[in-house]
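J.: 3D model of this:
(one chain, ligands or ions: 2)
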Amino acid sequence: MAHSPTAGARGGWVVILGVETSCDDTCAAIVTEAGEVRSNVVSSQGLVHAPFGGVVPEVASRHHLELIDAVIADALARAGVSLDDVEHVAVTRGPGLIGALLVGLSAAKALAAARELPLTPVDHLHGHVLASTLGDPAMADPQDSPRTAIEPPYLVLVASGGHTFLARVDDPASYTVLGQTLDDAAGEAFDKGARLLGLGYPGGPELDHLARTGDPEAFAFPRSAPGEGLDFSFSGLKTALLYRLRDEHRSAPVLADLAASYQRAIVEALTHRVEQALEREGLERLALGGGVAANSELRACARAMGAAVWIPPMDLCTDNAAMIAGAARFLAPVAYPGYLGLDAAARLV
Ligand code: KG4
Ligand code: ZN
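T.: Numbering: from 1, shown residues only. Ligands and ions are numbered 1, 2, ... in the order given. Here you go, the predicted model:
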């Protein structure tokens, strides 16, 4: 699919401002209708929530409120545009923390309404699904140049701290969920496992790091593949780790072996379903998204699978507003003033 730039006020490209505040990152981005990311600003609250071992919703909302104006101003400045150049506003409507979502939605509505601009409410997960459609179409090799945009039809694995699902994309305006986690998200499994191993929060990157020095075959952890479909389950895995830790002497090499074996179990559970889905759906292109796409073993396994693989740069895998603005290119905007009564949705159906 070719996305030809629509002539906008900037004489060649329509300026879409994206806003995303569904969890603990305050995000704003400027994206063109051709899918080129002109700026992508993320102010992470990770350090604020780290002492609590997880995101505290009320604290997240307050920080969004303090940061949102500065983050939007920064996104505009980095893209070399002003608010007067913005022609379309896109914002995450849900799913996410309701108080956090409301901050972004209110800011986006206010900016759009002041200029009577169209506003597109975006499903956060749709943003993750379409992250690989952002890119510079002039770049050729999907392996080495992840800025190349993927073309439907494709399979996407979204694995983050809050969500884990496989979806099929035939048309960027929608996606079909093929399977999802029945309990913990893959990122949650990483974070909970890391916590049991005495690592910091968020634990995924630390567990990934420790696993590099361990033996992934040292311990046998369950690979759960529930049912006949393409669903995932990770809750039994952390219980297995808990029991292992009770039995083992916690020396540094043992902890590294446990990390490597635990990571291998998560990665194999994910890649097993991905392989099944590619085959069942007859798809040849695969995109990864969500924070877990940063995992070194998952990236290596996905690349060894035989399908053409798109793994967006990390700033497009983790929560960001560029994917929200990018998704809005394919969705029907709501004209002013139709969106003024629009509410955030903690859960989208
Ligand atoms: O997409 P994301 O930034 O936020 C949402 O949850 O929406 O994903 C964060 C998750 C966390 O659970 C984090 O531990 C995990 O992604 N993560 C990783 C790695 N980097 C981040 N998990 C495994 N290996 C990594 N290298
Ligand atoms: Zn997310």
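J.: okay, helices next: where are they in the stretch 151-300 of the chain?
T.: Here the stretch 151-300 of the chain has its helices, by DSSP state H, counting those that start in this stretch, at 186-196, 203-211, 235-247, 252-281, 296-303.
J.: which one in the protein is furthest away from the centre?
T.: Ranked by distance from the centre of the chain (CA atoms, centre = their mean), the top residue is His249, with 36.4 Å.
J.: where does it fall, phi/psi-wise?
T.: In this entry, His249 is assigned phi and psi values of phi -80, psi 130 (degrees, to the nearest 10).
J.: before we move on, back to that, for the helices of the stretch 151-300 of the chain, which one sits closest to ligand 2?
T.: Evaluated with CB to the ion, those place helix 186-196 nearest to ligand 2, the distance being 9.2 Å. Glycine gets a C-beta too; all of them are placed from N, C-alpha and C.
J.: tell me the angle that closest one makes with helix 296-303.
T.: Per axes from the mean of the first three to the mean of the last three CA atoms, to 10 degrees, the angle that helix 186-196 makes with helix 296-303 is 150 degrees.
J.: tell me how far helix 186-196 is from the chain's mean position?
T.: Counting by CA atoms, centre = their mean, to the nearest Å, helix 186-196 is centred 17 Å from the centre of its parent chain.
J.: next, the angle from that helix to helix 235-247.
T.: Note on geometry: by the same axes, to 10 degrees, helix 186-196 and helix 235-247 are set 10 degrees apart in direction.
J.: got the contact list for helix 186-196?
T.: Taking contacts as CB atoms under 8 Å, 6 or more residues apart in numbering, the residues outside helix 186-196 that touch it are 53-54, 159-162, 164, 184, 200-204, 206-208, 232, 234, 237-238, 241-242, 245, 259, 262-263, 266, 269-270, 290-292, 295.
J.: buried subset of the residues you listed as a PyMOL selection?
T.: PyMOL command restricting those to the buried ones, with burial defined by 16 or more other CB atoms under 10 Å:
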select buried, resi 159+160+161+162+164+184+201+202+203+204+206+207+208+232+234+237+238+241+245+259+262+263+266+269+270+290+291+292+295
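J.: contact residues of the stretch 101-250 of the chain facing ligand 2?
T.: By the rule CB under 5 Å from the ion, the part of the stretch 101-250 of the chain lying against ligand 2 is Ser160.
J.: just to revisit the earlier point, point out the most buried one among the helices of the stretch 151-300 of the chain.
T.: Mean neighbour counts were compared across those using mean count of other CB atoms under 10 Å; the top stretch is helix 186-196, at a mean of 25.
J.: what separates the closest residue to ligand 2 within the stretch 51-200 of the chain from Thr318, distance-wise?
T.: Across the stretch 51-200 of the chain, the shortest distance to ligand 2 (CB to the ion) belongs to Ser160, at 4.6 Å. From Ser160 over to Thr318 the distance is 8 Å, taken as CB to CB, to the nearest Å.
J.: cool, and Glu20?
T.: Applying CB to CB, one obtains 11 Å for the distance of Glu20 from Thr318.
J.: want to throw the helices of the stretch 151-300 of the chain into CSV with mean pLDDT and distance to Val86?
T.: Listed next are these as CSV, based on pLDDT from 0 to 100; distance: least, CB to CB, whole Å:
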stretch, mean pLDDT, distance to Val86
helix 186-196, 96, 32
helix 203-211, 96, 34
helix 235-247, 94, 43
helix 252-281, 97, 38
helix 296-303, 95, 35
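J.: make a markdown table out of the ones you listed and add distance to Val37.
T.: A markdown table is the format used below for the helices of the stretch 151-300 of the chain (distance: least, CB to CB, whole Å):
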| stretch | distance to Val37 |
| --- | --- |
| helix 186-196 | 23 |
| helix 203-211 | 23 |
| helix 235-247 | 35 |
| helix 252-281 | 26 |
| helix 296-303 | 21 |
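J.: about what we covered before: neighbour-wise, which of Glu20 and Thr318 wins?
T.: Here Glu20 and Thr318 are compared on neighbour count by other CB atoms under 10 Å; more neighbours surround Glu20, at 30 against 24.
J.: which pLDDT does the model give that one?
T.: Model confidence at Glu20, expressed as pLDDT, equals 98.
J.: got a list of what the residue farthest from the centre of the chain touches?
T.: If a contact means CB under 8 Å, 6+ apart, then His249 has no contacts.
J.: quick check, pLDDT for it.
T.: The score at His249 is 85. That number is its pLDDT.
J.: chain center to the worst-scoring helix or strand of the chain on mean pLDDT: distance?
T.: One helix or strand of the chain scores below all others by mean pLDDT, DSSP states H and E: helix 46-49, with a mean of 74. Taking CA atoms, centre = their mean, one finds the center of helix 46-49 at 18 Å from the center of the full chain.
J.: go on, stretch 169-186?
T.: In terms of CA atoms, centre = their mean, the centre of stretch 169-186 is found 12 Å from the chain centre.
J.: what are the buried residues along that stretch?
T.: Applying 16+ other CB under 10 Å to stretch 169-186 flags Val169, Pro172, Tyr175, Leu178, Gly179, Gln180, Thr181, Asp183, Asp184, Ala185, Ala186 as buried.
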